[in-house]
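# any chance you can model this:
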Amino acid sequence: MSFIKAQNITKHYGSGDAAVKALRGMTFDIQRGEFVGVMGESGSGKSTLLSVMGALNTPTSGKYTVDGLEVYGLNLDQRADFRREFLGFVFQSFHLIPYLTVLENVMLPLTTLKMKGQMKRDMAGYALERVGLGGKPHRLPSEISGGEQERVAIARAIANEPPILLADEPTGNLDSKTSKDIMDLFQKLNADGATIVMVTHNRDCASYATRILQVSDGFLAAGTAIREVKSQAA
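Numbering: from 1, shown residues only. Next up, the predicted model:
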């Protein structure tokens, strides 16, 4: 059984002739441990798709399941539990709290968990170690580089060790060398078992994915092997 399954997902904003059809019947499967890139022009629907996959944006129609769980059949509290258990989010903007330390920022997703504070600090510290920032837990975001801030954002996303990482243009604000470092990190997290779905417009970043979902005007082309994407770009 597929780990992630979308069946005829649509998302419309508004109604009648004025409705904006952001997603138009998207159907796809993602296996556990895949690294999937989502590509398309601005306004094509790729970020809307990611928000639906993140249980943040109820589709107009269709069915979305993760590990056999029908996500939009859950009530709001159950969806929050689902996000906490299954998902880590990484965005183009780091969304770090400026007056909290690096460690405290990483601990934020753990605040609702019923466990001792020391255990939460240990989990956050381990996440920082995984992203190569184990030596900077007490720095403020303003005291580290942009690439390091993105690593903190990734550490925050993986602090609870979710099986799925959803990333929306995670290197969009970074230079090419730092972008490569971040993508190498994503590749390592994928090798460690994380299922990754990443929206990107950058073909260098997309080359790290094992499969590409191409989005155009709310429609989804068939999944394409990355080697085929490279040959089309050549």
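
# which SS state does residue 215 fall under?
Classification of residue 215 by DSSP: H, G, I helix; E, B strand; the rest coil places it in strand.

# backbone phi and psi for the residue nearest to it when sequence neighbours are not counted, please?
Counting by C-beta to C-beta, 6 or more residues apart in numbering, residue 40 is the residue found nearest to residue 215 once chain neighbours are left out, at 3.5 Å. Where you see a C-beta, it was placed from the backbone N, CA and C, and this is true even at glycine. Main-chain dihedrals, residue 40, degrees, to the nearest 10: phi 170, psi 160.

# for residue 128, see how far away residue 40 is.
Applying C-beta to C-beta, to the nearest Å, the value for residue 40 to residue 128 is 33 Å.

# buried sites along the helix or strand hosting residue 180?
Using DSSP states H and E, residue 180 falls within helix 176-191. Neighbour-count burial for helix 176-191 flags 178-179, 181-183, 185-186, 189-190 (criterion: 16 or more other C-beta atoms under 10 Å).

# stretch 13-31 now?
Result for stretch 13-31 [16+ other C-beta under 10 Å]: buried residues 21-24, 26, 28, 30.

# show me those that map onto strands.
21-24, 26, 28, 30 (DSSP state E).

# out of those residues, who's nearest residue 12?
For those, the minimum distance to residue 12 (C-beta to C-beta) is 5.3 Å, reached by residue 21.

# for the closest one, which residues make a bridge with it?
residue 12 (DSSP bridges).

# and what of residue 66?
Beta-bridge pairing for residue 66 (DSSP bridges): residue 4, residue 69.

# distance of it from residue 137?
The value you get for residue 66 to residue 137, if C-beta to C-beta is used, is 32 Å.

# same question for residue 10.
For residue 10 relative to residue 137 (C-beta to C-beta), the value is 44 Å.

# so what pLDDT did the residue nearest in space to the middle of the chain get?
When C-alpha atoms, centre = their mean is applied to the chain, the residue found nearest the centroid is residue 166 (1.1 Å). pLDDT for residue 166: 97.

# which element, helix or strand, includes it?
Using DSSP H and E, residue 166 falls within strand 164-168.

# got it, and residue 155?
helix 146-158.

# coming back round to it: so which elements touch the very next helix or strand once past the helix holding residue 180?
Using DSSP H and E, the helix or strand that follows helix 176-191 in sequence is strand 195-199. If you count contacts as 3 or more C-beta pairs under 8 Å, 6 or more residues apart in numbering; DSSP states H and E, strand 195-199 packs onto strand 35-39, helix 46-53, strand 164-168, helix 176-191.

# cool, thanks, signing off.
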